[in-house]
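Participant: build the 3D model from these lines:
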Amino acid sequence: MIEKYINPHTDFGFKRLFGSVFNKELLISFLNAMFHGEQNVQDVTYLNSEQLGDRSDARRAIFDVYCENDKGEKFIVEMQNVYQEFFKDRTIYYSTFPIREQAQRGGDWDFHLNPVYTIGLLNFNFADGLENAKRWHHEVKLMEVDTHEVFYDKLTYIYVEIPKFDKKENELVTMYDKWMYILKNLSKLMQRPAALQERVFTRLFEQAEIAKFNKQELKLYEDSVNAYRDIVNAIRTAEKKKFAEGRAEGRAEGRAEGRAEVARKMLDKGMSTELVAEMTGLSLEEVSSLNQ
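Facilitator: Residues are numbered from 1 along each chain as shown. I've put the predicted structure just below:
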């Protein structure tokens with residue numbers, strides 16, 4: 001099927017919708033929806049998404065979207081398509097950049113910090129530490145363990161598991177629901193859903209329509225789609241290989257358990273260890289261990 005609208009999981013698609021000054025009203029709407037009224041972002045300023053460490057040889061960080069609102073609060077927004085072993089460590093590391101850049105050199109700085117939000121939009125189920133969570137939205141703060149009260153409310157990590165969002169169009173109630181529906185389904189749509197009639201979505205569908213791209217934009221998007229497909233295919237190949245290895249291992253374990261069970265019955269009949277080993281293919285040590 002030919003896509004009518006861009007895939008927001010691609011680098012080009014995500015940055016076109018959320019990382020462009022021209023379309024910043026989309027990012028503002030999404031942030032306000034995600035925070036359920038706890039934020040009232042009126043404006044955002046896009047900041048340099050490439051962050052350098054304190055030393056010339058320090059590791060750098062490149063964010064998908066990095067901005068601050070009109071109150072000076074910092075937001076890192078990342079679209080993550082592939083699970084990484086140390087993904088949590090990565091998000092913690094990323095959050096240190098907007099913290100450190102607030103340090104004032106000289107003068108009488110009192111260590112006052114503006115809030116920092118690190119938002120991970122995940123195109124996978126994030127089982128590491130969240131396997132018992134039923135919802136798709138996870139908000140993490142520093143907490144006092146005994147009281148379960150928030151110890152520090154200026155550092156927030158939000159993880160959104162896109163695959164877990166399963167609402168249909170007729171079930172969309174909040175603006176957050178509608179944005180999640182867009183993030184999950186935009187590239188599959190052939191027309192604007194009736195449930196998405198807010199003005200901000202008029203802007204979104206105009207900017208997402210591939211037919212309106214110029215030649216350069218189309219080339220950049222196609223390159224981004226190819227890179228995304230390479231990632232998806234690599235994941236599927238790895239999963240198939242792991243599944244096949246698991247099945248082979250399971251069959252081997254099943255055969256070994258079957259031979260062991262037969263060997264036990266033979267030993268119960270009084271057969272010698274040597275004869276049992278010869279007939280079952282188990283080693284003498286393996287047969288001997290069955291008597292223990």
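Participant: pretty sure Phe75 is touching Val44, no?
Facilitator: Yes. Using CB atoms under 8 Å, Phe75 is in contact with Val44, at 7.5 Å. The way it works is simple: take the backbone N, C-alpha and C, and place the C-beta from them, glycine included.
Participant: now the residue nearest the centre of the chain. Its backbone dihedrals?
Facilitator: Note on the chain: the residue nearest the mean C-alpha position is Leu122, at 2.1 Å, using CA atoms, centre = their mean. Here is the backbone geometry of Leu122 (degrees, to the nearest 10): phi -100, psi 130.
Participant: show me which of Phe75 and Val44 is the more surrounded one.
Facilitator: Between Phe75 and Val44, Phe75 has the larger neighbour count (other CB atoms under 10 Å), namely 24 against 19.
Participant: how about the contacts made by the residue nearest to the centre of the chain?
Facilitator: Applying CB atoms under 8 Å, 6 or more residues apart in numbering, we find Leu122 in contact with 80, 83, 159-162.
Participant: ok, now Lys164?
Facilitator: Contacts of Lys164 by CB under 8 Å, 6+ apart are 125, 135-136.
Participant: got those residues as TSV, with secondary structure, pLDDT and neighbour count columns?
Facilitator: Shown next, in TSV, are those (DSSP: H, G, I helix; E, B strand; the rest coil; pLDDT from 0 to 100; neighbours: other CB atoms under 10 Å):
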residue	secondary structure	pLDDT	neighbour count
Asn125	coil	82	14
Arg135	coil	85	11
Trp136	coil	90	20
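Participant: got those residues as a markdown table, with distance to Tyr117 columns?
Facilitator: What follows is the contacts of Lys164, written out as a markdown table (distance: CB to CB, whole Å):
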| residue | distance to Tyr117 |
| --- | --- |
| Asn125 | 22 |
| Arg135 | 18 |
| Trp136 | 18 |
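Participant: contacting residues around the closest residue to Asp177 other than its chain neighbours?
Facilitator: Excluding its sequence neighbours, the residue lying closest to Asp177 (CB to CB, 6 or more residues apart in numbering) is Lys167, at 5.8 Å. Neighbour list for Lys167: 177, 180-181 [criterion: CB under 8 Å, 6+ apart].
Participant: which of these has the most neighbours?
Facilitator: Busiest of the contacts of Lys167 [other CB under 10 Å] is Met180, holding 24 neighbours.
Participant: would you map the helices across the protein?
Facilitator: For the chain, applying DSSP state H gives helices covering 11-18, 24-34, 87-100, 175-185, 199-208, 215-268, 273-280, 284-290.
Participant: out of the ones you listed, nearest to Asp70?
Facilitator: For Asp70, the closest of these is helix 24-34, at 10.0 Å, according to CB to CB.
Participant: which other helices and strands contact that closest one?
Facilitator: Other helices and strands packing on helix 24-34, by 3 or more CB pairs under 8 Å, 6 or more residues apart in numbering; DSSP states H and E, are helix 11-18, strand 44-46, strand 65-69, helix 175-185, helix 199-208.
Participant: any chance you could give me the fourth one in CSV, C-alpha atoms only?
Facilitator: Coordinates of the C-alpha atoms in helix 175-185 are reproduced here as CSV (Å, rounded to 0.1, in the frame of the first residue of the first chain):
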residue,chain,number,x,y,z
MET,A,175,-6.0,15.0,23.4
TYR,A,176,-3.3,12.6,24.6
ASP,A,177,-5.3,9.7,23.3
LYS,A,178,-5.5,11.4,19.9
TRP,A,179,-1.8,12.2,19.8
MET,A,180,-1.0,8.6,20.7
TYR,A,181,-3.3,7.4,17.9
ILE,A,182,-1.4,9.6,15.5
LEU,A,183,2.0,8.3,16.7
LYS,A,184,1.0,4.7,16.2
ASN,A,185,-1.2,4.9,13.0
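Participant: chain center to that helix, what's the gap?
Facilitator: Put simply, helix 175-185 sits 15 Å off its chain's centre (CA atoms, centre = their mean, to the nearest Å).
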